[in-house]
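> Need coordinates for the below:
(2 chains, ligands or ions: 1)
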Amino acid sequence: MLYRLLFPSPQPAPAILVWIYAILAVINAVAAVRTGIRWRRDAARPRLFLVPAAFGLYSLVAAVVLGRWLFTGELPSIPKVARDFIDSSLNPATVCLIWWGLLFVLLVFRRPLVSRMARPHVFNLPAIAFLVALTDNTFASLVSQPDHFAILLMVAATLFYLYAALSLAVRNDQHIACGQPPVEGQHREREKVLVWPDLVYIELLAMIIVTTLLLTWSLSMSAPLEQPANPLHTPNPAKAPWYFVGLQELLVYFDPWLAGVVIPSILTFGLMILPYLDHCPGGSGYYSFATRPRTTAAFLFGFLGLWLLLIVIGVFFRGPNWAFYGPFEPRELPKVEVTAPRPLSSCVSGLIGVSSPRPGDAAVPPSAFQVLSREWPGLGLLLAYFVILPLALQRGPTHAFRRRVGTVRYYLAMFLFLFMLMIPLKILLREIFYVNYLVYIPEWGWSI
Amino acid sequence: MRLRQRIRRSQLYRSIIRHPAPKDRRTRTAVVLTNLVLHLHPVAISRHAVRIGYTWCLGGIAFFLMLVETVTGVLLMLYYRPTATHAYRDMLELRDVVAFGMFREIHRWGAHAMVIIVMLHMLRVFLTGSYRPPREFNWVVGVLLLLLTFFLAFTGYLLPWDQLSMWAVTVGTNMAGATPFLGHEGPGSTWLTAGGKPLITPHSDIRFLLLGSTQVTETTLNRFYVLHCIALPLAAFAFCALHFWRVRKDGGISGPL
Ligand code: HEM
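Reported below is the predicted structural model:
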């Protein structure tokens, strides 16, 4: 029995899984005891009994899984029907909508979600779902590729940090609502301590921990090395390094001049001038959500809702020919997705019953008038979006913002925000309405 | 104890380490003031700023990883030659022959970790509102550091010279060919002419500037090698110095007013 626990079954994946289940059981048991002790002391809130109970329950679940594995050698897995259902119901649009929905829920219901009652479930449910999914071979080989592990790590670390930061923000917001300073501003916290020893020892500890983790990582995973470079043989799909895969994914929705150059440049520029747009002093130096909800939501949407999400879609959901594959769908059978250009202009003229003028021959440059008379719907829409919308909004919802920051900052901020929002809008437009160009000028190359 | 005291009193020891042992308030202050590395820090710092739950040590870890990358990178340079004939074979050698060739792993996973940590550090600075005045310029420096981190990782990706690296860099640099006006596949590039001849061709556009060629070739390998090992690290360290200097000059780690 002990032998089997130490050197489990032939396939390597379950061996690791068993260990993770064991760790999960231990962590939950410890958490149950710790929160139990705290609950005994804090007799004023008897309902908090549910916290240690929940931790205990998860510990028990993990223990039962382990016990069952000892006797039958099986780990819980997702039934085939469910896997097929997940594969067939996921596509770029649903993945995006689910993820944005989760972000929305996390930000709106942050108070109940970071409460002590919710904590056991917030940590355990995703972990268990992931463990159960890992019993599928396709999924396991997908996420255990060495370079992909880094991306998993990034997603997990970002979500963990976001959750921790939101807990701190909720706590501070409660303090501020009661007229107290945030925790970082309390008298005791403002006192000075000496850098030696208070800071240098933390730094030393951090260095030791990072070194240990990095060495463990390096010992257990070798750096990938494929066949020697061969310019005659293009791999399918050829993927950019993972931190640029998000931009590569944008190529599905935008022409290369936008996806690869203009969008990243403008958004980086926006990131740089952020402190000059949101420039009110104060409200800085402590975690908070309620004192700057709109800026925070916009930034988090850009960071997690676009940058991170597009990387995840590009790395985990895109297979040969950059086609979309579900998480349990084998990559061996290549799919071909043919997308003919379907510009907005042709949809609109179809709608109002006019035969649409087709783009001309590239060799004969069209006159500006021809282009304008063909592409007016898209151009008009862009004009309305980038010019009329900020003008209209400042009469209502953004009135106070505009008064506070002034004209130049207002239009710059609105332009950058709307520009960022163009990405999700264009994704949905393509995936749901099958319109892939707002403005289609292949003769000149300026298609949007 | 005796021995320790004798060592501390010896001429050799005192010539190297000027400050007394950090035992009380005065000597602890002296340590931070006289030590080259520690003098990056102020002597005293408010309690909330040393809390792990405030900065999560992310900036410090990013810098530490940068140092790790420098050390392992120098080790790799001892074995690696950036030519089409040697690059891949040197990788194989590192994997199969070189004792403790594991520093290739440390270098690669350290690079991934650094990209992740720098992004999280940015998130932390944002969520605590620390980009606001008077720290707005340091945020700008930070964004430049973020870009430098990406480009360091990207140029390093090519160096193993295997299928993965060559095609990833091909995909990445193809986008540069689509730059408006300046890339030969970009819109508006045909508008730029000199004396009736097109100015922007596959041999003169911004992608050619990056690759030194019209495709990813040995020239590219050399270019990326120089960028990866010399130009970008120097820039990154210079900006780090500026970044740390500004953290101090902007009043130390941010806190509520
Ligand atoms: C190689 C990359 C970087 C390194 C090594 C680095 C290092 C550091 C360190 C050590 C600190 C001290 C406080 C802390 O540990 O959090 C700091 C603070 C700061 N960093 Fe960075 N950083 C990097 C990138 C960035 C980026 C990408 C940004 C933002 C876009 C940024 C913006 C700031 C700001 C505004 C502060 C002051 C924060 C405060 O006072 O609370 N840094 N950085």
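
> The residue in the stretch 151-257 of chain B that chain A sits nearest to - nearest residue in space that isn't next to it in sequence?
Using CB to the nearest CB, the closest approach of the stretch 151-257 of chain B to chain A is made by residue B:175 at 2.6 Å. All C-beta spots, glycine's among them, are computed from the backbone N, C-alpha and C. For residue B:175, ignoring the flanking residues on the chain, the nearest one in space by CB to CB, 6 or more residues apart in numbering or on different chains is residue A:260 at 2.6 Å.

> tell me the secondary structure for that neighbour?
Of the three states, residue A:260 takes helix according to DSSP: H, G, I helix; E, B strand; the rest coil.

> Quick one: residues contacting residue B:104.
Neighbouring residues of residue B:104 by CB atoms under 8 Å, 6 or more residues apart in numbering or on different chains: A:223, B:72, B:76, B:91, B:94, B:95.

> my bad, residue A:325
A:87, A:317, A:318, A:319, A:331, A:335.

> what does the stretch 51-200 of chain A put close to chain B?
A:147, A:150, A:153-154, A:157-158, A:161-162, A:164-165, A:168-169, A:181-185, A:188-200 (CB under 8 Å from any CB of the partner chain).

> Now, those residues that are in strands?
A:192, A:193, A:194 (DSSP state E).

> Give me the pLDDT for the first one.
As predicted, residue A:192 sits at a pLDDT of 89.

> How about the closest residue to it other than its chain neighbours: which residues does it bridge to?
Of all residues not flanking residue A:192 in the chain, residue B:44 sits nearest, at 4.0 Å (CB to CB, 6+ apart). With DSSP bridges applied, residue B:44 shows beta-bridge pairing to residue A:194.

> circling back: generate a ChimeraX selection restricted to the buried entries among the ones in strands among the residues of the stretch 51-200 of chain A next to chain B.
Of these, the buried ones can be selected in ChimeraX as follows, counting by 16 or more other CB atoms under 10 Å in any protein chain shown:
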select /A:194
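
> circling back to that earlier point, dump the contacts of residue B:104 to JSON lines, plus neighbour count, secondary structure and pLDDT.
Putting the contacts of residue B:104 into JSON lines (neighbours: other CB atoms under 10 Å in any protein chain shown; DSSP: H, G, I helix; E, B strand; the rest coil; pLDDT from 0 to 100) gives the following:
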{"residue": "A:223", "neighbour count": "19", "secondary structure": "coil", "pLDDT": "90"}
{"residue": "B:72", "neighbour count": "21", "secondary structure": "helix", "pLDDT": "97"}
{"residue": "B:76", "neighbour count": "23", "secondary structure": "helix", "pLDDT": "96"}
{"residue": "B:91", "neighbour count": "23", "secondary structure": "helix", "pLDDT": "95"}
{"residue": "B:94", "neighbour count": "22", "secondary structure": "helix", "pLDDT": "92"}
{"residue": "B:95", "neighbour count": "15", "secondary structure": "helix", "pLDDT": "90"}
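
> out of these, which one sits closest to the ligand?
Among those, residue B:72 lies closest to the ligand (CB to the nearest ligand atom), at 16.4 Å.

> Going by neighbour count, which of the contacts of residue A:325 are buried?
A:317, A:318, A:319.

> now residue A:433: how far from the ligand?
36 Å (CB to the nearest ligand atom, to the nearest Å).

> One more: residue B:113?
Residue B:113 is 12 Å from the ligand, by CB to the nearest ligand atom.

> returning to what we had before: list only buried entries from the residues of the stretch 51-200 of chain A next to chain B.
Counted by 16+ other CB under 10 Å, those give A:147, A:150, A:154, A:158, A:161-162, A:165, A:168-169, A:181-185, A:189, A:194-196, A:198-200 as buried.

> Among the contacts of residue A:325, which are located in strands?
Per DSSP E, the subset of those in strands is empty.

> quick check, nearest of those to chain B?
Taking the contacts of residue A:325 together and measuring to chain B by CB to the nearest CB, the closest member is residue A:318, at 12.2 Å.

> Correct me if wrong: that closest one contacts residue A:327.
No. Counting by CB atoms under 8 Å, residue A:318 stays clear of residue A:327, with 11.9 Å between them.

> rewinding a little: pLDDT-wise, what's the bottom of the buried ones among the contacts of residue A:325?
Out of the buried ones among the contacts of residue A:325, that is residue A:319, at 90.

> list the contacts for that residue?
A:237, A:325, A:329, A:331, A:334, A:335.

> Out of those residues, which two sit at the greatest distance?
Spatial extent of these (CB to CB) is set by the pair A:237 and A:329 at 14.6 Å.

> More neighbours: these two, which one.
Set residue A:237 next to residue A:329 and count neighbours by other CB atoms under 10 Å in any protein chain shown: residue A:329 wins out with 22 against 17.

> Determine the three-state secondary structure at the more buried one.
Applying three-state DSSP: residue A:329 is coil.

> For it, what are phi and psi?
phi -90, psi 120 (degrees, to the nearest 10).

> Which residue is the nearest non-sequential neighbour of it?
Nearest non-adjacent residue to residue A:329 (CB to CB, 6+ apart): residue A:87, at 4.8 Å.

> quick one: that neighbour and residue A:326 touch, right?
Yes. Taking CB under 8 Å as the definition, residue A:87 is a contact partner of residue A:326 at 2.9 Å.
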